[in-house]
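Asker: Sequence first, predicted coordinates after that:
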Amino acid sequence: MLRVGLTGGMACGKSAVAEMFAGEGAHIILADQIAHQLMRPGQPVYEQVVKHFGRDILQADGAIDRAKLAEKAFGEPSRVQELNRIVHPAVIAEQEKWMAEQASKYPAGIAMVEAALILEAGVGRRFDKIVVVTCAPEQCLRRFAVRTKLSLEQAKTEIERRMAAQMSPAEKTKAADFVIDNSGAFAATAEQVRQVYQKLLAEAAKPARAG
């Protein structure tokens with residue numbers, strides 16, 4: 001089983017690229033979905049997040065309002081680090097459990113974790129290969145504005161605020177084994193994914209990866 005980390009900057013299209021890899025046959029898990037599940041009421045992570053960030057981040061039904069949490073967390077670097085200290089260990093543990101399960105089922109397959117902070121969290125070494133998705137800054141800005149329903153000016157401010165807690169796209173690219181440029185048409189990105197997937201399959205098929 002080849003363990004692959006898929007990462008990239010904000011609004012670069014990581015999830016879309018993950019879907020393309022899934023279409024090729026990779027086994028995918030999204031770190032953001034894991035975090036979402038871990039922050040449901042009744043979960044230990046939920047209790048810790050509420051304790052540290054206050055009950056004003058909760059919706060009427062008791063669920064965490066992730067927009068309110070982000071607003072608080074990304075207000076200053078120390079708060080982001082505080083959130084990461086709570087959430088990351090639990091997310092990483094779930095990723096490890098999932099990858100072990102995939103390895104037992106598909107010993108010559110590819111288990112891919114899509115996560116924004118693989119490199120920042122210092123867990124890149126847990127993976128055999130790192131794939132970084134890049135995109136032209138103006139496209140990231142437009143995508144983020146559409147997704148968050150913010151004006152371009154507001155979106156730019158928010159991206160800059162959040163990116164302060166992340167490595168730059170250039171730094172991530174330097175750490176990558178493979179880079180996928182998602183700035184062009186869907187077909188162009190899909191072709192890059194296909195080519196990278198074939199290379200990953202070749203790695204997974206090596207004797208050292210089997211079993």
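Answerer: Structure's in. What do you need? Just so it is clear, the structure is predicted and the values come from calculations on it, not from any experiment.
Asker: Run through this protein and note the low-pLDDT ranges.
Answerer: Counting by pLDDT under 70, the chain contains low-confidence residues at 208-211.
Asker: Just the strands from it, written as ranges.
Answerer: Along the chain, counting by DSSP state E, strands occupy 2-8, 27-30, 110-114, 129-134, 178-181.
Asker: okay if I get those as CSV plus distance to Glu160 and mean neighbour count?
Answerer: (Glycine included, C-beta is placed from N, CA and C.) Formatted as CSV, the strands of the chain follow (distance: least, Cβ to Cβ, whole Å; neighbours: other Cβ atoms under 10 Å):
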stretch, distance to Glu160, mean neighbour count
strand 2-8, 17, 25
strand 27-30, 25, 18
strand 110-114, 23, 25
strand 129-134, 18, 23
strand 178-181, 22, 19
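Asker: ok, the nearest residue to Arg79 once chain neighbours are set aside - contacts?
Answerer: Using Cβ to Cβ, 6 or more residues apart in numbering and skipping the chain neighbours, the partner closest in space to Arg79 is Ala73 (5.0 Å). Going by Cβ atoms under 8 Å, 6 or more residues apart in numbering, Ala73 touches 53, 79-80, 82-83.
Asker: follow-up on the earlier one: quick one, which of the strands of the chain is nearest to Pro207?
Answerer: Taking Cβ to Cβ, strand 2-8 is the member of the strands of the chain nearest to Pro207, at 12.7 Å.
Asker: Leu141 touches Lys156, doesn't it?
Answerer: Yes. If you go by Cβ atoms under 8 Å, Leu141 and Lys156 touch, sitting 5.9 Å apart.
Asker: So for the two, which residue has more residues nearby?
Answerer: Between Leu141 and Lys156, counted using other Cβ atoms under 10 Å, the more crowded position is Leu141 (19 against 16).
Asker: Quick check: the farthest pair among the contacts of Ala73?
Answerer: Greatest spatial distance among these (Cβ to Cβ): Phe53 and Val80, at 11.4 Å.
Asker: Surely Ile29 and Val113 touch.
Answerer: Yes. Counting by Cβ under 8 Å, Ile29 does reach Val113; the two are 5.6 Å apart.
Asker: got any residues that touch both of those two?
Answerer: Common neighbours of Ile29 and Val113 are listed as 95, 98 (criterion: Cβ under 8 Å, 6+ apart).
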